[in-house]
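Engineer: Fold the following, please.
(one chain, ligands or ions: 1)
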Amino acid sequence: MKIVSFKDPTMVKAPDSQFETAVKDGKGKMKGFAGTLSDAQIKEVVSYIRTLQK
Ligand code: HEM
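Structural biologist: Predicted structure coming up:
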């Protein structure tokens, strides 16, 4: 399994909606966080991931 860095250009260009869906519903080996995190919290997490890409 290949894990792509958040700093990879494809991830920098990916829309927020892609990360929101991955966090909410899961992706690959990662389980979804729907029910654990609210939609608002998921958006906050995506904002945090954006700060890691700088
Ligand atoms: C709240 C905590 C977490 C957040 C915010 C988060 C966020 C993300 C995001 C945004 C991606 C990228 C999806 C994409 O390619 O568009 C991702 C991928 C991934 N995450 Fe997480 N993650 C979290 C927790 C975890 C945990 C606990 C695990 C370990 C079981 C995990 C394992 C993975 C793996 C393996 C991928 C790559 C999936 C693939 O491309 O097949 N994540 N995560």
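Engineer: Any idea how many residues pack against whichever residue of the chain sits closest to the ligand?
Structural biologist: With Cβ to the nearest ligand atom as the measure, Gly28 is the residue of the chain nearest to the ligand, at 2.1 Å. Using the backbone N, CA and C atoms, a C-beta is placed for each residue, glycine as well. Neighbour count for Gly28, taken as other Cβ atoms under 10 Å: 9.
Engineer: Tell me if I'm right that it and Lys2 touch.
Structural biologist: No. Gly28 lies out of contact with Lys2 (Cβ atoms under 8 Å); the separation is 9.6 Å.
Engineer: wait, is Ile49 part of a helix?
Structural biologist: Yes. The assignment for Ile49 (DSSP: H, G, I helix; E, B strand; the rest coil) places it in a helix.
Engineer: roughly how far apart are Gly32 and Glu44?
Structural biologist: Distance of Gly32 to Glu44, given as Cβ to Cβ, to the nearest Å: 17 Å.
Engineer: er, Met1 actually
Structural biologist: On the measure of Cβ to Cβ, Met1 and Glu44 end up 27 Å apart.
Engineer: more crowded one of these two?
Structural biologist: Neighbour totals were compared for Met1 and Glu44, and Glu44 leads with 12 against 4 (other Cβ under 10 Å).
Engineer: Understood, closing this out.
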